[in-house]
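K.L.:
Structure, please.
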Amino acid sequence: MSVMSRFDYSLLCNFPKCRAKLSGFAWVTACSHVFCDQHGSAEFSRTPAICPACSSTLSGKLDIVRTELSPSEQYKAMVLVGLRPETVLDISHRALAFWTYQVNQERRLMECSLSRAEVQVVQMEKVIAQQNQTRELEINALREEIASLNKRLVDYKQKYSEVSELLIKKNRQYQKLQGLFEALRLRPRSAGSRDGLHHASQAFATGLVRQHSPHGSPPFLSVGSEGDRLFSVEPESFKSFFQFNSSPRDKISANGHQEPIQAFVIPHSHMDVGWVYTVQESMHAYASNVYSTVVEELSRVKGRRFIAVEQEFFRLWWDTAASQWHKKQVRQLLQEGRLEFIIGGQVMHDESVTDIDDAILQLTEGHGFLYETFGVRPHFSWHVDPFGASATTPVLFALAGFDAHLISRIDYYLKDVMQKKKKLQFVWRGSPSLADTQEIFTHTMDQYSYCTPSYIPFSNRSGFYWNGVAMFPDPPKDGVYPNMSLPVTKETVESYAQTMVDNIKQRAQWFQTNHVLWPWGCDKQFYNASVQFTNMDMLMNYINKHSTEFGVTVQYATLKEYFQAVHQSDLSWEVRGSQDFLPYSTEPFQAWTGFYASRNVLKGVARRASSLLHSAESLFVRYRIKYPEGPVQKEWALDKLKALRWAVSEVQHHDAITGTESPKVADMYMEHLNQSMMGVQELLAAMFLLPQDPDTASAKYRSNTKDEQPSKDLEQHIIVYNPLAWNVTTYINVSVKYSMALVYDDNGKVVPAQIQPSAESPADYDLFIMVELGGLQYRKYLIQFPQSECKKGSSCGITHAARVVKFERRDVSEWKKRGRKLLPVLNDCYKVLFDQETNLLHSITNRLEGQKVIIHQDFWEYDANGDVHAGPISDNYIFTANGSAVPAYKSVEMEIIPGKIISEVRQYFYREASDKNYTYAMVTRVPVGFKDKLLCQRLDQSYALGPLVVNREAVLRTTTSLSNKKTLYTDNNGYQMLKREHKQYINNTVSRNYYPMVRQAFIEDEDSCRLSLLSERAHGVASLAEGEIEVMLHRRLWNNQEWNRGYNLTLNDSSVVRPSIWMMLGSSAAVAALSQQGALYLQHRPVVLPIDKPQKPWSEHERWNGPSVQPVVLPPNLHMQYLGIPGWDYGPNHTQHLQNINSGVKTNPEADFDRVLLRIAHLYEKGEDPVLSKPATINLKEILQGLGEVKAVQERSLTGTWDISDLQRWSWRTTEKTGNKKTSSSSRRVTMDFNVTISPKEIRTFFIYF
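P.N.:
Numbers count the residues shown, from 1 in each chain. Next comes the predicted model:
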C-alpha cells in the first residue's frame, strides 16, 4: 500500500456492525479504537466506560477523547504552538501510529474476509461438483432404465408377434379339423366310425383339440352362435399372459420345464394390544374368538396352518377362556408344527421410540411364558406394523436365537426401488461392532404388506376375508367387524382363483426365488375361522387342481416353512449394514415422524415405570439373598413385580408408547402403569420396613405420602437406592415444607445440602442433598427441620439457604443490545453466560478444554393444519410442517439462584407480552462444587410446556455457533448412534428430516466440538439449519379427517408436560466417553423412599452404623442391564423340561426364587474410545460378592430360554461369504473360575446361582 493511499484512507467506526465512514466528530480511546459520534456518545456515557471493540475498561480521565476530524485552520495553527520540538514529534508519532494501526487492522479484516470468501467459493465449487456428479449418476441411471425398458418393449413385441403367428397357425389347424369333421359326418356311419376314430386320435396326438382352461373356454378361441368369428382374444387373459408367463425369474427344472411358483399362504390375525379398543374390549370383540375358532379349525383339517404373534391376547385367552380341550389341542398342534408362535414377545413392540431395555423385557416376558408352558422357543419375527424399522431390532432377535427377521413398513420410495431391483431380502448386520456374528436374514414385505389384497375386480367388497356374522350382539361399528367377502362358490371360484394367481405372480417378480410369501389375514381377522378356512380350502384346492395352467401351486404354511424353502434355495444374499429404515413415509406429505413426540406424558410415565421396575428387580435380588426367610412373602413380592413387568411390556406396543392410540386406550395404559407402579412402591417400602405381613407394608406406605411431614419430632427419614452398578455421586431433590433443614447420613455425618423455594410449588421448598452411593447400594439419611437458626460460629451444619435473584421481564420487541450484559453461572467445568438483555442463554464455555460455543435456546411452534380440504395435516402419526416454525413467546422472565450444591436458572416464556401465566418454562441446574466428572460436565434442564393452543407442535430449539452442516446423530433405541445427514426433498423436507431420540442426540463441528442432549423419554429431533438442533417436546392436534374421527384417534392433548434433558458440551472424545453412562444416569436416577417411622433394619442401635450393604461395581464401559428373579418354574435342562411338559408332570411346580437372571451390556462401539472400547474381562464371582457368594453360572440367550452352548442359528450365504452353515454361540463361554470377556456392543445373559 503506497503512502498516498494510506493518507487517502478514511477512518471507519470500530463499533461492531457499524463500520460507517467517520466525519465531523469522533470518539478515540486509549486502546487505539475510534467510534462515530452516535455510538461514542451512547456507549461512553456510562460509568465505568467499556470499549465496545475490545471490552477494555476506560476509567482514566483522558482514556476517551472526543475530537473533531476536520478542525478549523485556527485550531491547526494553535494546537501545537509553544510545545518543544521533541514533544511535537512525539505527538505526531503517536498520531501516525494510531492511523497506521487503524489502516493495518482494516487491511487484515479485508484479507480475512477475502480468505473466508475464497473458502466459501471452494466449498461451493465442491458442492456444485458433487451435485453435478449426483445428477449425472441419476441421468445415467435413468438412461439405463430407459434402455432396459426399450429392451423389454422389444421382447414383448417379439412375443406378441410369436403369439400372433401361433394363433394364425392354430386357426388354420382348427379350420382343417372343422373341414375334416364335416367330411367324416357326410360319410356312411360304419366307415365313418372307423375313420373318425383314426383321425380323432391323430388330432389329439398332434394337440389340435383345445386344452381345458381354468376359464371354462379356450383363452384365444370362441365358437358357437357367433359363427362368423373364428377366434377372439380375451383382454384380461391376454394381459396376464404377457405379464407373468415369461417372467425371467421362473426357474427351469432339470427336465427343462419351468418350475411353478410356490405360494406359501400364511394365515394370521393382526391383533393390536390397544390402539382403538382397550384390551378388554378387544378380547370381547374378537381376540378370544380368534384363538378358540382357529384351534378348532386346525384340529378339524390336518393341512391347515396358523401363526400366533403377540402373546398378551394369547396369554389372556389361555388363562381365562381356553378349555382343557383347547389347551390339549394347542400342545398337539405345536408338536405337529401346524401352529407356530412368531416373535413370541408380549407385544409387537415399536421400533422407533422404545428403549432397548424395554424391548428386551417384553420379549423376555413372552418367551418365558412360551418356554415355561410349551417348551417352544420362537425362531422368526413378524414385525409387520411398527412405523419404520430400527437396526437394533435385528440384533436383539439374533441374540434371542432367531433364524430370520421380517419387516414391512419402510419408506414408500425405498420399498418401490427395492421391489424393482429384487432387493427386498437381504442379510442385515445391524451392529457395526458385532457385524456378522449377529447378522440375520431379513425379508421385507412387498407393497401389499401383511394384508391380503383387499380389491377384487368382480366385487365391490374387500377380498379374501370371510368372517361371517358377528359372534356376539352389538359388535363394534368400525367397518372391520364383521366383514364378509363374496363366498367362494362354483360361480365365483374361478374369478377368485385368477385374482389370487395374478397377485401371486405379480409378487413373484419382486423376489429372487420361486417361493412367494402370501400373508392371508389382516387386522382382527379369523374371529370366525370356520368360515374363513372353508372358503379358502375350496379356492386353494381349485388352484392346485389347475396348477399346470396357472403355473402356481399354493399351500398353507407357517413362517418356518417359508423361510426353510428360501434358506434351501442356495442363493447368495446382499449384506445390509447398520443403517435403519427411519423415518417411515407412505407418501411425500405423510412422514410418520409426529409420533416421536405424541402423548409425551405417556412416554414419560412408561420410562419412569421401567426405571422403577429396574430398581425394584435388583433390590428384590439383594433382599432375597440377604433375608432368604424374610417376612416379606416372596410370592407376593413376585406378583407385584410381574404386574409391573406386564404393564411396561404392554405399553411398548407400536400403538401404545407411540401415542397413536385412542384417548380411552391411552387412559388404559396409564391406569395399568400407575396401578402396578403403586404395587412395586409398596414392595420397596415393605422390603425396607420388614413388616410382619404385606398388609402392614401397604398400610405403612400409603400413610407416608411425599407431601406428608412428621408432626412431632420434625424429622424425616429417607432411604436412597442406587440402581446402577457404578459408584454414583449426585444430588437428589426432596420436597419439604420448611425453609431450614439439617441432613445426616448413616455415619452420622453432616451431608452437604441446599434449600430454596420450589420452582413448581410456591408453598414448598426444594431440598437438594449431595449423595454418594456405591453400585446397587442404598443408604439412609436423616433430615431434621430446626425451628430456630444456628448461632453464628456453631457447628450444627445448617443447610445452605439459596437466595432467588429476579430479573426484569424482557419483551422481545425491546431487545436491542444483545451480548452486552452477560451473567455468568459457573462450576469447575463450565462457564454458562446468560444475556440480561434477552434473559436467554448466550454461550457455554468448557473451562477444562477452553472451548466456547455461542448457544441460543428457546421455544418455537409449528402451526399445524387441521383441515383436510386445506392441505396435508398433522395427526398422531404424521408431522407435516405447515410452514416454518415461529417463536412461541413474546417476553421472557428470568430468576437465578446461586448455590453451593447447584446454581439454578429459571426462565419463563410468555406467549403474549401481557400474559400473566407463562406457557413455557425452562430450569437449568449447574452442579457446583462436585469433583465427579460426570456430574460436573452436565447441565440439567427440565421444562414445563402447556397447555398448548390447538394445532400447535412445540419444539425446543438450540442454535449454536457449531458448524455441523445440518448433520445430526441420534441413537437407535438407546443401543447405538446413527449418522443422520440432512436431505433435501421437493416436498415436506422439515418433517422427513426428523428422527427419534430415545436416549441421546448430538451435533458436532469439524473441530470435534460436540453438543450432546440426553433424554429420559423419547422425542423427535432434527437439525434443520447450520449449528442447530431442535427437539419436539409436545403436540396438541385436532383435524377433520374422517378416518381419525371415526376411530377417535385425536390428539387434543391439553396436558402440561415436564420432560428433562441433560446437556453436555466439549470435545467429541470427552463427550462420547461420558454420554453413554450419562444417559443411564439420567434414566436410572437414585430411588428416594421417604420412611416416616423406620423399623428394621434401621433400628435405633444401628442408626449410625454406615451403609449396611456392600456395593456391586462394574467397569465404566459395562452396564448391568438387568438383575432380577424371573420366577420361571422350569429347570436348566431342555430335554428334561420337554419330557415334563409332555408327561404333564412338573418337577418344579413353584416359581424358582433361587435363580437370578443377569444381563450385562458393553456400552461402546469398536474404535469409539481408545480405552472404553476395549473388551472388558470381569470375574462374576468377584463382581457379585457384594450380593452374596456365587455358586454356579450358566450363560443363556438374550431372553434366557436357550443354553448358549445349544444355540445354533441358521447361517445365510452372502455375497461376502459362502456356505449355509449354522452359527454357534458355544464359543462364548464362562471360564471355570467365572471369568467372562465382553466385547464392544455385546449383550451377555446369565443364570446366576447364589
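K.L.:
so which strand or helix has Arg107?
P.N.:
Element membership for Arg107 (DSSP states H and E) is helix 85-186.
K.L.:
which helices and strands does that helix pack with?
P.N.:
Other helices and strands packing on helix 85-186, by 3 or more CB pairs under 8 Å, 6 or more residues apart in numbering; DSSP states H and E, are helix 3-8, helix 189-205, helix 235-244. From N, CA and C alone the C-beta is placed, and that goes for glycine too.
K.L.:
Now do the residue nearest to Val276 when sequence neighbours are not counted against Arg135, distance only.
P.N.:
Leaving aside its sequence neighbours, Val276 sits nearest to Tyr1047 (CB to CB, 6 or more residues apart in numbering; 5.0 Å). Taking CB to CB, to the nearest Å as the measure, Tyr1047 falls 44 Å from Arg135.
K.L.:
wait, doesn't Tyr455 sit right on Gly463?
P.N.:
Yes - the pair Tyr455 / Gly463 is scored as a contact, 6.5 Å apart, by CB atoms under 8 Å.
K.L.:
Counting neighbours, go ahead and name the busier of the two.
P.N.:
A side-by-side neighbour count of Tyr455 and Gly463, using other CB atoms under 10 Å, places Gly463 first with 19 against 11.
K.L.:
Tell me how far the residue nearest to that one when sequence neighbours are not counted lies from Tyr496.
P.N.:
In space, and not counting its chain neighbours, Gly463 is closest to Ile456: 3.7 Å by CB to CB, 6+ apart. For Ile456, the distance to Tyr496 under the criterion CB to CB works out to 7 Å.
K.L.:
More neighbours: the two, which one.
P.N.:
Comparing Ile456 with Tyr496 by other CB under 10 Å, the one with more neighbours is Tyr496, at 25 against 20.
K.L.:
residues touching Ser991, list them.
P.N.:
By CB atoms under 8 Å, 6 or more residues apart in numbering, the residues touching Ser991 are Ala591, Thr593, Gly594, Ile878, Phe879, Thr880, Ala881.
K.L.:
name the element it belongs to?
P.N.:
Under the criterion of DSSP H and E, Ser991 resides in helix 989-992.
K.L.:
Check the model's average confidence along the next helix or strand after that helix for me.
P.N.:
Where DSSP H and E defines the elements, the next helix or strand beyond helix 989-992 is strand 995-997. Averaged across strand 995-997, the pLDDT comes to 98.
K.L.:
and the helix or strand where Leu935 lies, what's its mean pLDDT?
P.N.:
Per DSSP H and E: Leu935 is located in helix 933-936. Mean per-residue pLDDT for helix 933-936: 91.
K.L.:
May I have that helix as PDB, with CA atoms only?
P.N.:
Taking Å, rounded to 0.1, in the frame of the first residue of the first chain, the C-alpha atoms of helix 933-936 are listed here in PDB:
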ATOM      1  CA  LYS A 933     -16.500 -35.900  36.300                       C
ATOM      2  CA  LEU A 934     -20.000 -36.900  35.000                       C
ATOM      3  CA  LEU A 935     -21.800 -34.600  37.400                       C
ATOM      4  CA  CYS A 936     -19.500 -31.600  36.700                       C
END
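K.L.:
List of residues touching that helix?
P.N.:
For helix 933-936, contacts defined as CB under 8 Å, 6+ apart pick out 729-731, 827-830, 927, 930, 1074, 1077-1078, 1081.
K.L.:
From Asp403, how far off is the residue nearest to Val276?
P.N.:
To Asp403, Tyr1047 is 36 Å away according to CB to CB.
K.L.:
more crowded one of those two?
P.N.:
Between Tyr1047 and Asp403, counted using other CB under 10 Å, Asp403 has the larger neighbour count: 23 against 15.
K.L.:
burial count for the nearest residue to that one once chain neighbours are set aside?
P.N.:
In space, and not counting its chain neighbours, Asp403 is closest to Trp1210: 4.2 Å by CB to CB, 6+ apart. For Trp1210, the tally of surrounding residues (other CB under 10 Å) stands at 17.
K.L.:
in the stretch 1151-1250 of the chain, which spans are strands?
P.N.:
With DSSP state E, counting those that start in this stretch, the ranges of strands along the stretch 1151-1250 of the chain come out as 1155-1162, 1176-1179, 1192-1196, 1208-1209, 1223-1224, 1235-1238, 1243-1249.
K.L.:
mind checking pLDDT for Arg906?
P.N.:
The model's pLDDT for Arg906 equals 98.
K.L.:
Excluding residues flanking it in the chain, which one is nearest it?
P.N.:
In space, Arg906 is closest to Glu895, 4.3 Å off (CB to CB, 6+ apart).
K.L.:
who's in contact with that neighbour?
P.N.:
Counted by CB under 8 Å, 6+ apart, Glu895 has contacts Val804, Val805, Lys806, Phe807, Val905, Arg906.
K.L.:
Let's see the helix or strand hosting the fourth one as PDB, backbone CA atoms only.
P.N.:
It stands for Phe807. Element membership for Phe807 (DSSP H and E) is strand 805-811. Provided in PDB are the C-alpha atoms of strand 805-811 (Å, rounded to 0.1, in the frame of the first residue of the first chain):
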ATOM      1  CA  VAL A 805     -32.400 -13.200  42.300                       C
ATOM      2  CA  LYS A 806     -35.100 -12.000  39.900                       C
ATOM      3  CA  PHE A 807     -34.500 -10.100  36.700                       C
ATOM      4  CA  GLU A 808     -36.800  -7.800  34.800                       C
ATOM      5  CA  ARG A 809     -39.200  -9.400  32.300                       C
ATOM      6  CA  ARG A 810     -37.900  -8.600  28.800                       C
ATOM      7  CA  ASP A 811     -40.100  -8.100  25.800                       C
END
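K.L.:
what ranges do the strands span in the stretch 451-600 of the chain?
P.N.:
515-520, 552-556, 575-576, 585-587, 590-591.
K.L.:
partner strands of the last one, parallel or antiparallel?
P.N.:
This means strand 590-591. When pairs are called by DSSP bridges, strand 590-591 turns out to pair with strand 585-587 (antiparallel).
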